[in-house]
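Novice: only the shape, not the letters, is given here:
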DNA sequence: CATAAGCACTCTCCACCGGAGAGTGCTAAA
DNA sequence: TTTAGCACTCTCCGGTGGAGAGTGCTTATG
């Protein structure tokens, strides 16, 4: 079953590989697969019967004991089979699961869905979240792409009421943001339009910091407009990025969340939605899919969860994060291939959108 | 405890009031309150002890039997206390709960939170959802306000790449929508800006239908722009309205959703998010808070749920929906006062935004 | 006649028990 | 090195037997 070629797609764990015999690897793989599928600890006899390995249950017992000794399996109760440890999952992800691609039929289905949505960023993100949740069978998270080095392209001021208006800014990334603004004096559209033109001329091509630095000296209406432009522009980077999620109902199908208490934690976590963006800095620039299993997770609340995330976007232009989150006992192969494909797809869409 | 004055804030049920004696009303009220608080059926002895009514458990038993006869209570098992029927809740909402206002301390807290958010529609909606969920202790839903009779105020065309651009439209309601557009030919900003001005002149003040009707005759670039404008404008009304929800974790605290199966239905329902907008037409123009209890709900999936909703907005300008959803056994008084207050607040914000 | 007291009955909840099933570790044989 | 055998352990039901709470009915009482 194991094809033996090295798997380097996923960042390998720290410990060495050579400590496991081929048969041990085979057994570990079966255990992970079986446990992920059924959620029940797997025992030696069942494994000997179903796996097709040509050895008896006693031999498997010995190997399992060895794997436990090495830290890949654990023993919940004296009797009742074994389950993988975090380290066991990690080994599985790094060396045993193979380099799985999403089936091409599924890829086509997804692609087709995206073709149908007319070019709208928000809808892309929501669709990505929904699709990812379905493909991975888990809760999905997709952050909006954050412009990396946004420059101002366009400014528009719209009068709503005498003292209330809209400030709309467009960046070189094609991102749009609107903010409502109170004016210090009564104005109408005829006053605002020329001001917008003047400001656009003056600020075009600048970064958020540069825009903020141009504020000194201005006064009155121009000053108010500048303040709102700077505020909206700042808001487009960094924090406050919307994170869409989908597939919350998958959480409850997992037996480990059968009792409400655990599940509630997860829901509260995702409902807040703030945690993916908190994770973003940790992902840094490393490209590709990253996997965090159980204890490896930064935040304590996530100890019993597994996370598969990837950045997406265009180098130096925009960057976003997408991923799935589920119980530690999750189908990492499926999740990883789904996340990888979706990241590629979203990156492609972003590339279409910016330059090239 | 009952102040005796008529309660007319909530649409009264069909049946008459006179059939219940004062003591029966008192007992029904205690039962609803107790059952809502504890989730356990309430028996005659416990009621006699804790309620402070000066009668014995036997008397209460007789009254409870009468209330059951009349359809306000039911008997899950031969032994084990009684619980309110949908009709019992309905009577409670219409006549027994009093005209509760949200405590002013809470109102102040909420108001303060809204003051802190700088005028941004999206953020208002999210904040409203989060606040409502917390105040009512249930899952909340808030739809974005839908412009009633939107008229085009502003058009902006922005070049992103030679053949790709942004169409931004602003309506008289202050709503902004952007759509990406493919051009039939290579264009730059210098070509687009005059076109935007021309189109804005031609289309200003028109409704979505009128804009759609102006499309015949145009060709080439103008035609493409018009198509996208019409599309974006249509999309601002009716369907596709974003519905934000918050407080999903409250679902799981309810004992009736202790086993995952039920809870999963609710999550899937809310995850889809489509059902509130499906409900909107039923709410029609009737102002004020509406309550749907159990079987009264239109959709079958909601039979075991209670819904408290209200429209908000400004007459003839915009209209949105907000509400909470929870188990049939929910604190209707608290939910109703929360929803009512939040609807007032949001209506006020909308009024600030549109004329006057 | 409304209220209260007493009583037999029912039903849930929980703790306990015991057997079936599955798994383990260890020893000894092939 | 592998396997067969065996004693032991632990979980998972299904049944059982109070304890507790609630009901309906009947009877007494002001």
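Specialist: Nice, thanks for sending it over. All values derive from a computational prediction rather than experimental measurement.
Novice: can you give me every residue that contacts residue A:71?
Specialist: A:85, A:87, A:88 (CB atoms under 8 Å, 6 or more residues apart in numbering or on different chains). Any C-beta I mention is one placed from the backbone N, CA and C, and that applies to glycine too.
Novice: got a list of what the residue lying closest to residue A:156 once chain neighbours are set aside touches?
Specialist: Of all residues beyond its chain neighbours, the one nearest residue A:156 is residue A:168 (4.2 Å), with distances taken as CB to CB, 6 or more residues apart in numbering or on different chains. Under the criterion of CB under 8 Å, 6+ apart, the contact list for residue A:168 reads A:154, A:155, A:156, A:157, A:158, A:176, A:177, A:178, B:156, B:168, B:170, B:176.
Novice: in its sheet, what does the helix or strand hosting residue A:168 sit against?
Specialist: Taking DSSP states H and E as the definition, one finds residue A:168 inside strand A:164-171. Listed by DSSP bridges, the sheet partners of strand A:164-171 and their directions read strand A:152-161 (antiparallel), strand A:176-182 (antiparallel).
Novice: pLDDT below threshold where in the stretch 201-350 of chain A?
Specialist: Scanning the stretch 201-350 of chain A for pLDDT under 70 picks out the ranges A:237-241, A:258-261, A:271-285, A:298, A:300.
Novice: any chance of JSON lines for the contacts of residue A:168, columns pLDDT and distance to DNA strand C?
Specialist: Output for the contacts of residue A:168, formatted as JSON lines (pLDDT from 0 to 100; distance: CB to the nearest atom of the strand, whole Å):
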{"residue": "A:154", "pLDDT": "88", "distance to DNA strand C": "64"}
{"residue": "A:155", "pLDDT": "91", "distance to DNA strand C": "65"}
{"residue": "A:156", "pLDDT": "88", "distance to DNA strand C": "63"}
{"residue": "A:157", "pLDDT": "91", "distance to DNA strand C": "64"}
{"residue": "A:158", "pLDDT": "86", "distance to DNA strand C": "61"}
{"residue": "A:176", "pLDDT": "82", "distance to DNA strand C": "56"}
{"residue": "A:177", "pLDDT": "82", "distance to DNA strand C": "54"}
{"residue": "A:178", "pLDDT": "82", "distance to DNA strand C": "54"}
{"residue": "B:156", "pLDDT": "88", "distance to DNA strand C": "63"}
{"residue": "B:168", "pLDDT": "89", "distance to DNA strand C": "59"}
{"residue": "B:170", "pLDDT": "87", "distance to DNA strand C": "58"}
{"residue": "B:176", "pLDDT": "82", "distance to DNA strand C": "54"}
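Novice: closest one of those to DNA strand D?
Specialist: Of all the contacts of residue A:168, residue A:177 has the smallest distance to DNA strand D: 53.1 Å, by CB to the nearest atom of the strand.
Novice: count of neighbours near the residue of the stretch 151-300 of chain A at minimum distance from DNA strand D?
Specialist: Nearest to DNA strand D in the stretch 151-300 of chain A, going by CB to the nearest atom of the strand, is residue A:255, at a distance of 10.2 Å. When neighbours are counted by other CB atoms under 10 Å in any protein chain shown, residue A:255 registers 13.
Novice: for it, which non-adjacent residue is closest in space?
Specialist: Excluding its sequence neighbours, the residue lying closest to residue A:255 (CB to CB, 6+ apart) is residue A:39, at 4.6 Å.
Novice: neighbours of the one you found, how many?
Specialist: 14.
Novice: then residue A:202?
Specialist: The number of residues packed near residue A:202 is 15, by other CB under 10 Å.
Novice: what do you get for residue A:186?
Specialist: Residue neighbour count, defined by other CB under 10 Å, stands at 10 for residue A:186.
Novice: and if you look at residue A:317?
Specialist: Here the number of neighbours of residue A:317 (other CB under 10 Å) works out to 20.
Novice: got the residues of chain A near DNA strand C?
Specialist: A:41-46, A:57-58, A:61, A:64-65, A:68, A:75, A:78-82 (CB under 7 Å from any atom of the strand).
Novice: so which of these also contact DNA strand D?
Specialist: Filtered for proximity to DNA strand D (CB under 7 Å from any atom of the strand), the residues of chain A next to DNA strand C shrink to A:58, A:78, A:79, A:80.
Novice: quick one on the thing from earlier: and the strands paired with strand A:164-171 as CSV, adding mean neighbour count?
Specialist: Written out in CSV, the entries for the strands paired with strand A:164-171 read as follows (neighbours: other CB atoms under 10 Å in any protein chain shown):
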stretch, mean neighbour count
strand A:152-161, 22
strand A:176-182, 20
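Novice: format the ones you listed as a markdown table; extra columns: distance to residue A:246.
Specialist: Formatted as a markdown table, those follow (distance: least, CB to CB, whole Å):
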| stretch | distance to residue A:246 |
| --- | --- |
| strand A:152-161 | 31 |
| strand A:176-182 | 24 |
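Novice: how about these, which one is nearest residue B:302?
Specialist: Closest approach to residue B:302 among the strands paired with strand A:164-171 is made by strand A:176-182 (35.6 Å; CB to CB).
Novice: residue ranges for the helices of the stretch 201-350 of chain A, please.
Specialist: A:208-213, A:220-235, A:249-253, A:260-272, A:274-283, A:332-353 (DSSP state H, counting those that start in this stretch).
Novice: redo those as JSON lines? Include mean neighbour count.
Specialist: Formatted as JSON lines, the entries for those read as follows, by neighbours: other CB under 10 Å:
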{"stretch": "helix A:208-213", "mean neighbour count": "16"}
{"stretch": "helix A:220-235", "mean neighbour count": "19"}
{"stretch": "helix A:249-253", "mean neighbour count": "22"}
{"stretch": "helix A:260-272", "mean neighbour count": "19"}
{"stretch": "helix A:274-283", "mean neighbour count": "16"}
{"stretch": "helix A:332-353", "mean neighbour count": "21"}
